[in-house]
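In: What follows is a predicted protein model with its sequence.
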Amino acid sequence: MNQTLLELQGLEVGYSEPLIHDINLSIQSGEVIAIVGPSGIGKTTLLRTIAGLVRPLDGSIKINVEKRGGLGYIPQKLGLVRHASVEHNIALGAISSSKSMEKLSQIRTASIAVFVFSILGTFFQTPLSGVLILLSGLIILASTVLSQWTLHQEKQTTVWDSMKAVKLTEKRYEPVRRLSGGQQRRVATARTLAQSPSLIVADEFLSELDDTNVDIVIEAMMQLIKSGSSLVMVEHNIRRAQKLANKIWTVEDGKLHEEVIKDA
Amino acid sequence: MRDSENPVDTYRGILQILKSFQVLIVLVALTGLAILVTNGLINGDWGRLSGGWNNLTVFLSESLPPDWSVTEPRSYPVCEEDIGFFCSIAFIGMMETIKIAFAATVFGFIGAILLSSLAARNLSPTWLSILVRILLSAMRSLPSLIWAILFVIVIGFGPLSGILAMTFYTIGYLGKLQYEAIEGMESAPLEASRATGLSHPEIFTNVVIPQTSNHLLSQMMFMFEYNVRHGTVIGIVGAGGIGYFINNYLNFLMYDKVFALLIIIFVVVVIIDLLSMAVRSFVNEQGDVRRPSWLTVLLPAKHAAEIHHGSAVKDESE
């Protein structure tokens, strides 16, 4: 059964001036939406608004996905950590989808707060501050070791599978800055695969790719779509958009028009 | 009618010419302003500069040549090392300064990195960032020398006062450099990780630190170098290190020995700078480029080429 993942009601997007207004559309699971239109018309702003990075000027966005790891975002500039390895970048996706990592992260944050307050407590000669420093310090250490171990386990499975899907296993330990533009786009795709989000928001993620790389990236992304994820992407190549998408959203004169190409 | 005769175009042409010299014009204007400010401060008495040259000549004549006896073992306590240099004032003083600077840089770096993650406006809410910035400014507003005097008063003479003084100053100074580096980083990695729902500590440890590692490492190495240099100053107020010996020699007007110690500090600073370059090459594009090594300068061309290009050249020659 199709589930509504995203619902836009009377949405108006832009920064100081509205670029697109009165958007009333929804996205069901398993759908692929391509947003087309000339440059500078507000396509990226719409994606950033959906991703929660820009506040809408008016209207509402209802996202029916998990708060942590439910939404995957591939920005136009890919958003990779350039000095870190391919594996590290892909593992970022795995971290956000891991439930145990979330709990460990919360424990660690709480312990750091206790640690800092205990150190401050020593200045005021508060009793127990010494014991609290020791205890919170031990918890920080233990949660860090545990989260590293969990991440290691994730790397063994999810990260490796994602790396294999985009054919980058040989570049596993290579810093991202040393990769070509096409390879970097594959890393960004693998990061989203490792995250396995319900809704993927991708900004021109197929641009600047040669035909072989386009095939690799599309094949990998289609694995996620088949498992029920939805993809909203900005695409300048109309022919490719028509081939991939179920629906095309065209931005024209500040309005968004929907055209259904095929069923999901 | 030609375009240049149009009054509007002539005006634009003049503006264009001025624009091409804008850096030079700004520099000249700033230099002029600085001279005016200096003139105000010294009440127009530029004649003092001429007397300064004679004083400098006297100082240099008393300092040169440097007295390298500071690198010889001290008469007391008796040296038990095989190499006498390890018992010299230069070595003992410099090692203590380096140890103080090392401990202060490490403690300061840890404190600064925690606070800078809260001070950076692209990571924290504005109210928190302003609060932390005020704290960092307060720590930075007192120079390490004043911190050293404070700690000497509170806990007495010795290296511990030096370490604490430098740690406080390092947190304030390094914290500012770090949050500025973090604010200058590309926004795309932050946005990608924020949209996926990663927490603040996760974004900081997995995205911000690796992405800004080049800046963080260079700033840490700069701070270490800074602390080594300032170790000489805080030693003067009794907070340990080579500065203690420099102060003693200055009191007895033994400028030649002071000069020898200053040369040793200079050499250590240069070594730290080279070390910084090597460390940072792991996290910036510099390390990706294979460039000729200065080590091969003395080798014959054939052997140097073999080292640069590996076995490839060897195979071709065979």
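Out: Happy to help now that I have it.
In: Get me the contact residues on the stretch 1-150 of chain A for chain B.
Out: Residues of the stretch 1-150 of chain A lying near chain B by CB under 8 Å from any CB of the partner chain: A:48, A:51-53, A:66-84, A:88, A:91-93, A:95-96, A:101-102, A:105-106, A:108-109, A:112. Where you see a C-beta, it was placed from the backbone N, CA and C, and this is true even at glycine.
In: Which of the residues you listed fall in strands?
Out: Among these, the subset assigned to strands under DSSP state E consists of A:71-74.
In: Over to the residue of chain B found nearest chain A: give its phi and psi.
Out: Of chain B, the residue with the smallest distance to chain A, taken as CB to the nearest CB, is residue B:192 at 3.1 Å. With angles defined as degrees, to the nearest 10, residue B:192 shows backbone torsions of phi -60, psi -40.
In: what's the distance between residue A:258 and residue A:33?
Out: From residue A:258 across to residue A:33, the span is 9 Å (CB to CB, to the nearest Å).
In: Spell out the residue ranges of the helices in the chain.
Out: Chain wasn't specified; assuming chain A. Counting by DSSP state H, chain A has these helices, from start to end: A:43-50, A:86-97, A:99-123, A:129-154, A:160-165, A:181-195, A:211-226, A:238-244.
In: right idea, wrong chain: chain B
Out: Secondary structure of chain B (DSSP H): helices located at B:7-20, B:22-41, B:48-63, B:89-119, B:126-141, B:144-155, B:159-183, B:187-195, B:200-203, B:209-236, B:242-251, B:255-280, B:301-309, B:311-317.
In: what's in contact with the fifth one?
Out: In this case it means helix B:126-141. Contact partners of helix B:126-141, identified using CB atoms under 8 Å, 6 or more residues apart in numbering or on different chains, comprise B:115-116, B:118-121, B:124, B:168-169, B:171-173, B:175-176, B:179.
In: any weak-confidence spans in chain A?
Out: A:1, A:98-103, A:117, A:119-129, A:151, A:154-155, A:263-264 (pLDDT under 70).
In: Can you pull up the most central residue in it?
Out: If you average the C-alpha coordinates of chain A and look for the closest C-alpha using CA atoms, centre = their mean, you land on residue A:72, 2.4 Å from that point.
In: if we can go back for a sec, redo the helices of chain A as CSV? Include mean neighbour count.
Out: Supplementary listing: the helices of chain A in CSV, determined by neighbours: other CB atoms under 10 Å in any protein chain shown:
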stretch, mean neighbour count
helix A:43-50, 23
helix A:86-97, 25
helix A:99-123, 16
helix A:129-154, 15
helix A:160-165, 19
helix A:181-195, 24
helix A:211-226, 16
helix A:238-244, 15
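In: Show residues contacting stretch B:167-176.
Out: Under CB under 8 Å, 6+ apart, the answer for stretch B:167-176 is B:103-105, B:107-109, B:111-112, B:115-116, B:119, B:132, B:136-144, B:147, B:219-220, B:223, B:226-227.
In: Equivalent analysis for stretch B:143-158, please.
Out: For stretch B:143-158, the surrounding residues in contact (CB under 8 Å, 6+ apart) are B:142, B:160-162, B:164-166, B:168-169, B:227, B:230, B:233-234, B:237-240.
In: related to what we said a few turns ago, spit out the contact partners of the residue of chain B closest to chain A.
Out: Residues touching residue B:192, when contacts are defined by CB under 8 Å, 6+ apart, comprise A:73-75, A:78-79, A:191.
In: ditto for residue A:229
Out: Contacts for residue A:229 (CB under 8 Å, 6+ apart) come out as A:29-30, A:196-200.
In: how about a cut-off of 6 Å?
Out: residue A:198 (CB atoms under 6 Å, 6 or more residues apart in numbering or on different chains).
In: and what of the one 3 residues further on?
Out: Shown in contact with residue A:232 (CB under 6 Å, 6+ apart): A:33, A:201.
In: Recalculate using a threshold of 10 Å.
Out: Going by CB atoms under 10 Å, 6 or more residues apart in numbering or on different chains, residue A:232 touches A:5-6, A:27, A:31-35, A:46-47, A:50-51, A:199-203, A:245, A:247, A:249.
In: Could you do residue B:48 as well?
Out: Residue B:48 makes contact with residue B:42 under the criterion CB under 10 Å, 6+ apart.
In: what do you get for residue B:120?
Out: Counting by CB under 10 Å, 6+ apart, residue B:120 makes contact with B:129, B:132-133, B:178-185, B:204, B:208, B:212.
In: Contacts only, for the closest residue to residue A:210 other than its chain neighbours.
Out: Residue nearest to residue A:210 in three dimensions, not counting chain neighbours: residue A:182, with 6.2 Å by CB to CB, 6 or more residues apart in numbering or on different chains. Listed by CB under 10 Å, 6+ apart, the contact set of residue A:182 reads A:208-210, A:212-214, A:216-217.
In: now, which of those residues sits nearest residue B:257?
Out: Comparing the contacts of residue A:182 against residue B:257 with CB to CB places residue A:208 closest, at 64.3 Å.
In: Any idea how many residues pack against the closest one?
Out: Neighbouring residues of residue A:208 were enumerated by other CB atoms under 10 Å in any protein chain shown; the total is 12.
In: give me every residue that touches it.
Out: A:180-182, A:184-185.
In: which phi and psi does it have?
Out: For residue A:208, the backbone dihedrals (degrees, to the nearest 10) come out as phi 60, psi 20.
In: what's the distance between it and chain B?
Out: Between residue A:208 and chain B the distance is 15 Å, computed by CB to the nearest CB, to the nearest Å.
In: before we move on, what about residue A:58?
Out: Distance of residue A:58 to chain B, given as CB to the nearest CB: 21 Å.
In: List the beta-bridge partners for that residue.
Out: Residue A:58 has these beta-bridge partners by DSSP bridges: residue A:12.
In: same deal with the one 4 residues further on?
Out: Applying DSSP bridges to residue A:62 gives these bridge partners: residue A:7.
In: Next up, the contacts around residue B:111.
Out: Applying CB under 10 Å, 6+ apart to residue B:111 gives the contacts B:136, B:139, B:167-168, B:170-172, B:174-175.
In: And residue A:134, by the same measure?
Out: Residue A:134 is in contact with A:115, A:118, counting by CB under 10 Å, 6+ apart.
In: Skipping adjacent residues, who's closest to the residue nearest to the centre of chain A in space?
Out: In space, residue A:72 comes closest to residue A:197 once its chain neighbours are excluded; the distance is 3.6 Å by CB to CB, 6+ apart.
In: how does chain B divide up, domain by domain?
Out: B:1-34, B:84-283, B:290-318 (automatic domain parsing).
In: between these, which gets nearest to residue A:143?
Out: Of all the domains of chain B, it is domain B:84-283 that lies closest to residue A:143, at 10.4 Å by CB to CB.
In: Could you give the separation of that closest one from the chain centroid?
Out: Relative to its chain's centre, domain B:84-283 lies at 9 Å (CA atoms, centre = their mean, to the nearest Å).
In: Report how many residues lie close to residue B:157.
Out: Residue B:157: 14 neighbours (other CB under 10 Å).
In: where does it land on pLDDT?
Out: Residue B:157 is assigned a pLDDT of 80 by the prediction.
In: how near is it to residue B:167?
Out: Spatial separation of residue B:157 from residue B:167 under the definition CB to CB is 17 Å.
In: again, but for residue B:146
Out: Residue B:146 is 14 Å from residue B:167, by CB to CB.
In: And the two? Which one has more around it.
Out: For the pair residue B:146 and residue B:167, the greater number of neighbours falls to residue B:167 (26 against 14), based on other CB under 10 Å.
In: Check the more buried one and give its pLDDT.
Out: According to the model's per-residue confidence, residue B:167 sits at a pLDDT of 88.
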